[in-house]
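Turn this into a model:
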Amino acid sequence: MAKVRFVGLIDNKVIEIEKGKNILDEALKKGIDLPYGCKYGSCLSCMVEVVKGIENIDCPNSKKISGSKNINILTCMSKIKKDGDIVLKV
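Got it, this is the predicted structure:
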């Protein structure tokens with residue numbers, strides 16, 4: 001399992017997510033109120049910054065935002081690729 005920590009607007013909530021599971025769906029199931037809209041990657045509402053652990057995430061729509069040192073992902077499209085620690089800035 002990956003240990004996923006949400007920082008920023010959400011005060012350091014940590015959950016464990018199994019390999020192959022969707023980050024947004026699992027966070028919502030575990031009571032973490034992440035922003036989202038369409039749930040298929042079009043609206044960009046669920047975009048978060050990956051502070052740590054990008055290598056543990058399968059993220060088809062990842063991108064680097066101008067001025068940011070980290071990669072941003074859409075949680076609705078991203079799944080856990082392997083066990084490890086992940087930190088997401090919401």
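
and the residue nearest to G20 when sequence neighbours are not counted, how many neighbours?
Spatial nearest neighbour of G20, excluding adjacent residues (C-beta to C-beta, 6 or more residues apart in numbering): K79 at 5.9 Å. All C-beta spots, glycine's among them, are computed from the backbone N, C-alpha and C. As a burial measure, K79 scores 20 neighbours (other C-beta atoms under 10 Å).

pretty sure K79 contacts L24?
No - judged on C-beta atoms under 8 Å, K79 makes no contact with L24 at a distance of 9.9 Å.

tell me the centre residue of this structure?
Centroid-nearest residue in the chain: T75, 4.4 Å away (criterion: C-alpha atoms, centre = their mean).

And the residue lying closest to it once chain neighbours are set aside, how close does it get to C43?
Closest residue in space to T75, ignoring its immediate chain neighbours: L24 at 3.9 Å, by C-beta to C-beta, 6+ apart. Separation of L24 from C43 (C-beta to C-beta, to the nearest Å): 12 Å.

got any residues that touch both of these two?
By C-beta atoms under 8 Å, 6 or more residues apart in numbering, L24 and C43 have these common neighbours: Y36.

Neighbour count: these two, which is higher?
For L24 versus C43, the count of surrounding residues by other C-beta under 10 Å is larger for L24: 20 against 14.

picking up where we left off before, contacts only, for the residue nearest to the centre of the chain.
Counting by C-beta under 8 Å, 6+ apart, T75 makes contact with 22-24, 27, 34, 36, 46-48, 88.
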